[in-house]
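quick one, structure for this:
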Amino acid sequence: MTLSETSASRFYTAAIDISNNKIDSVRFVDVATLKNIQNDTFTALKLLPEHAADPESIRFNRKTKMLVWSSEGDKALRSGRMVYQNPWIYEMDLQGHFKDSFLIPANLLMYKGDSGARENDALEGISYTPDHKHLWASMEGSTYEDGPLASATYANAPVRFTKFDSKAKTAVAQYGYLLDAIATAPVPASAFSINGVSENLYIGNNKFLVLERSFSTGFPSCVIKIYLADFSKSTDVSKIKSLYQNKQYIPATKTLLFNLTTLDRHIDNVEGITIGPMLPNGRQSLVVIADNNFNKLEKQQLFLFEIIP
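Predicted coordinates for the structure are as follows:
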């Protein structure tokens, strides 16, 4: 999945060969273009930004044999004009043809001024429950109403996880998740930095594996943390306008499972997580992937982990 600046947005099918508990090779076996409601391709960002897509997450529905994918939307100055594009979640067939769309709650949409979703902090991650009755979508960062974004000195910025009815394609609840502070202050202090939810993976019983990705200018690596988030006792916040001003709710609990920094190697822009095949010892594997944004300065990385109960 990619936001393409020079050509139509597309998605790839890859085969990941695992041998002796290691990733042996990655083979790209197919590519298809994403289609809009008119079943036409999404134009390149540089050509018609209003008609481009910003794909972030893609999941397969084993029941319907369909794919579902999210686009983060847009709220930025493009080619000399402001573009306002709402985030979306589309259902498509395996060839990329549009089939249906989910109704995104009003508090996650893009608006003029300081309200709704922020640019580059909107819908980011999606995952199905095992029975595919529900699809969960996570925001990358806080909406304007939900307060400031995470910073090196501000932790617990709330982001919303939205639970959708997969058949009706409408939201049935929202829940709060609190972010860590940005891992390191940027250099210089006024430079770009971010921490947000880059992906979620539902693992059962209202529990998720959540990727938090922190990046600060002046540091080559990202800080990627895998959390176990439990929403079992969380309260529905869909009727709460501001999770910053109104803190009378119970957010998800979170437990740090792994910080990729401890691998003592360069860690790039990790944005994907999925369950992998069973390992020879009978334990489940976990596959994590980085998005290099087609940037020569960024690394394409795949990580293979063993899940230890």
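
going forward, measure contacts and count neighbours with C-alpha atoms only.
Fine.

may I see the buried residues of stretch 191-204?
Judged by neighbour count using 16 or more other C-alpha atoms under 10 Å, the buried positions of stretch 191-204 are 193, 194, 195, 196, 197, 198, 199, 200, 201, 202, 203.

which SS state does the closest residue in space to residue 82 that isn't next to it in sequence fall under?
Nearest residue to residue 82, sequence neighbours excluded (C-alpha to C-alpha, 6 or more residues apart in numbering): residue 76, at 5.5 Å. Look at residue 76: counting by DSSP: H, G, I helix; E, B strand; the rest coil, its state is strand.

surely residue 76 touches residue 86?
No - Residue 76 lies out of contact with residue 86 (C-alpha atoms under 8 Å); the separation is 11.9 Å.

the two: which is more packed in?
For residue 76 and residue 86, the more surrounded residue by other C-alpha atoms under 10 Å is residue 86, and the numbers stand at 20 against 16.

hang on, the earlier thing: mind putting the buried residues of stretch 191-204 into TSV with secondary structure?
Shown next, in TSV, are these (three-state DSSP):
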residue	secondary structure
193	strand
194	strand
195	strand
196	strand
197	strand
198	strand
199	strand
200	strand
201	strand
202	strand
203	strand
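
TSV for those residues, including distance to residue 286 and pLDDT?
Formatted as TSV, those follow (distance: C-alpha to C-alpha, whole Å; pLDDT from 0 to 100):
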residue	distance to residue 286	pLDDT
193	28	98
194	25	98
195	22	98
196	21	98
197	18	98
198	16	98
199	14	98
200	13	98
201	11	98
202	13	98
203	12	97
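
ok, so of those, who is nearest residue 304?
Using C-alpha to C-alpha, residue 201 is the member of the buried residues of stretch 191-204 that lies nearest residue 304, at 15.4 Å.

could you report the pLDDT at residue 297?
Note for residue 297: predicted pLDDT of 86.

so it is in which element?
For residue 297, there is no host helix or strand (DSSP states H and E).

okay, now it: neighbour count?
10.

skipping adjacent residues, who's closest to residue 203 in space?
Nearest non-adjacent residue to residue 203 (C-alpha to C-alpha, 6+ apart): residue 209, at 7.0 Å.

for the helix or strand encompassing that neighbour, packing partners?
Residue 209 belongs to strand 207-216 when assigned by DSSP H and E. Here strand 207-216 touches strand 193-204, strand 223-230, strand 270-278, going by 3 or more C-alpha pairs under 8 Å, 6 or more residues apart in numbering; DSSP states H and E.

tell me the angle the second one makes with strand 207-216.
It refers to strand 223-230. 160 degrees (axes from the mean of the first three to the mean of the last three C-alpha atoms, to 10 degrees).

not counting strand 223-230 itself, show me its contacts.
For strand 223-230, contacts defined as C-alpha atoms under 8 Å, 6 or more residues apart in numbering pick out 183, 206-215, 252-261, 267, 270.

OK, contacts around residue 50?
Contacts of residue 50 by C-alpha under 8 Å, 6+ apart are 83, 84, 85.

can you do 7 Å?
83, 85 (C-alpha atoms under 7 Å, 6 or more residues apart in numbering).
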